[in-house]
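Student: Sequence first, then the predicted structure, then my questions.
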Amino acid sequence: MVDEERSNIGNFVCGYVAVAGKPNVGKSTLVNRFLNFPLSIITPKPQTTRHKILGILSEDNYQIIFLDSPGIMHPKYALQELMVKSAWSAVEEADIVLLMVEPWPQAVEEIGDMVDRLKALNKTTVLAINKIDLVPKPQLLPLMDQYSKCYGLEDIVPISALKADGLDRLKQVLIAKLPKQPPFYPPEELTDRPQRFFVSEIIRQKVYEHFGEEIPYSVAVVIDEFIERKEGKDYIKATIVCERDSQKAILIGSKGEAMKRLGRSAREEIETFLGKGVYLELVVEVRRNWRKDERAIKRLGQV
């Protein structure tokens with residue numbers, strides 16, 4: 001809790017909002033937009049988010065604590081199983097569930113199991129139909145009506161997280177449902193994650209951007225050293241973990257060129273994020289089938 005003085009605010013509302021949905025529906029884009037901060041990495045590939053990440057939006061009369069979480073899917077191996085568990089744990093912790101979907105008619109049937117589970121948990125649910133910039137507006141009202149009839153959802157808000165369309169209305173809907181209580185965090189805090197977490201995520205994002213196919217999904221990033229210096233550049237050493245020797249060869253590339261490009265791109269982004277110069281050292285290590293080993297996944301900090 002924050003200090004006692006702030007706890008006397010009579011009409012202040014505060015609570016946790018879990019942002020849930022299938023992979024790649026725009027959950028992280030939405031939270032990043034609300035916070036105006038790159039809380040979660042974003043790539044065009046599905047299943048980019050692996051962690052439950054807390055983001056705090058504070059104003060004079062409210063504090064929304066967003067829980068950005070991995071997409072809910074049918075898991076195929078241990079890492080995905082833990083990601084789905086993480087997503088549902090966020091839902092269980094939340095005061096409100098913000099369920100995000102895409103604006104395609106087939107998406108209505110795809111969320112049936114999720115809605116049933118949310119109702120079983122007795123969770124207040126707000127539905128956000130994202131990516132409305134991709135469909136003609138006349139299609140939206142019939143789609144909203146379909147969701148309402150199928151699932152009895154009352155709060156349905158069409159938005160475009162990418163274009164920041166409809167976000168003010170969505171925020172007001174969420175605020176109206178938050179419990180009256182004092183803020184849980186100081187107003188200047190945006191997240192409970194340390195800088196080294198965001199640095200590791202920036203490096204992982206660059207792997208998604210520079211390599212295709214299976215490589216990004218087989219990679220974990222571990223920060224081995226993070227030395228902050230008052231004068232000169234910070235020193236960061238990170239290990240990129242993959243599953244096979246062939247993947248390591250692709251990551252390094254001929255004469256190390258692929259790793260140099262990755263390192264240069266990651267360093268530039270990290271320097272922008274930290275606001276100072278960085279010396280970044282990257283190494284690649286093979287840990288076979290780490291995604292299928294729950295203990296290895298936890299040791300690598302991937303959930």
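Tutor: Perfect, I can see it now.

Student: All the strands of this structure, in order from the start?
Tutor: Using DSSP state E, the strands of the chain run over 13-21, 53-58, 62-68, 96-101, 124-129, 156-158, 220-227, 234-242, 278-286.

Student: So what touches the fourth one?
Tutor: Contacts to strand 96-101, defined as CB atoms under 8 Å, 6 or more residues apart in numbering, come from residues 15-22, 25-27, 30, 91, 107-108, 110-111, 114-115, 118, 123-130, 147, 170, 174, 177-178. From N, CA and C alone the C-beta is placed, and that goes for glycine too.

Student: can I get the strands of the chain in TSV with mean pLDDT, distance to Glu257 and mean neighbour count?
Tutor: Output for these, formatted as TSV (pLDDT from 0 to 100; distance: least, CB to CB, whole Å; neighbours: other CB atoms under 10 Å):
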stretch	mean pLDDT	distance to Glu257	mean neighbour count
strand 13-21	97	38	24
strand 53-58	96	33	22
strand 62-68	97	34	24
strand 96-101	97	39	24
strand 124-129	96	42	22
strand 156-158	97	45	20
strand 220-227	97	20	16
strand 234-242	97	15	20
strand 278-286	97	13	16
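
Student: Walk me through the domains of this structure.
Tutor: If you go by automatic domain parsing, the domain ranges for the chain are 6-177, 195-299.

Student: Return the most buried member of the ones you listed.
Tutor: With neighbours defined as mean count of other CB atoms under 10 Å, the domains of the chain peak in mean count at domain 6-177, which reaches a mean of 18.

Student: Make a markdown table out of the domains of the chain and add distance to Tyr185.
Tutor: Below are these laid out as a markdown table (distance: least, CB to CB, whole Å):
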| stretch | distance to Tyr185 |
| --- | --- |
| domain 6-177 | 5 |
| domain 195-299 | 17 |
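
Student: I'd like to know which of these lies nearest to Phe184.
Tutor: Proximity to Phe184, assessed across those by CB to CB, is greatest for domain 6-177 (6.0 Å).

Student: Return the distance of stretch 216-230 from the chain's centre.
Tutor: Here the centre of stretch 216-230 is set off from its chain's centre by 18 Å, with CA atoms, centre = their mean, to the nearest Å.

Student: now do stretch 287-299
Tutor: Mean-position distance between stretch 287-299 and its chain equals 21 Å (CA atoms, centre = their mean).

Student: same check, this time on stretch 173-190
Tutor: Centroid displacement of stretch 173-190 relative to its chain, using CA atoms, centre = their mean, is 19 Å.

Student: picking that back up, could you point out which of the strands of the chain sits nearest Tyr208?
Tutor: With CB to CB, the closest approach to Tyr208 among the strands of the chain belongs to strand 220-227: 11.0 Å.

Student: Adding distance to Ser200, write the strands of the chain out as TSV.
Tutor: Listed next are the strands of the chain as TSV, based on distance: least, CB to CB, whole Å:
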stretch	distance to Ser200
strand 13-21	21
strand 53-58	12
strand 62-68	16
strand 96-101	25
strand 124-129	29
strand 156-158	33
strand 220-227	4
strand 234-242	7
strand 278-286	11
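
Student: Please enumerate the helices of the stretch 151-300 of the chain.
Tutor: For the stretch 151-300 of the chain, applying DSSP state H, counting those that start in this stretch gives helices covering 167-177, 195-210, 245-252, 257-274, 294-299.

Student: Select, out of these, the one closest to Pro46.
Tutor: Shortest separation from Pro46 across the helices of the stretch 151-300 of the chain is recorded for helix 195-210, at 10.7 Å, computed as CB to CB.

Student: Specify the angle between that closest one and strand 220-227 in degrees.
Tutor: Here helix 195-210 runs at an angle of 130 degrees relative to strand 220-227 (axes from the mean of the first three to the mean of the last three CA atoms, to 10 degrees).
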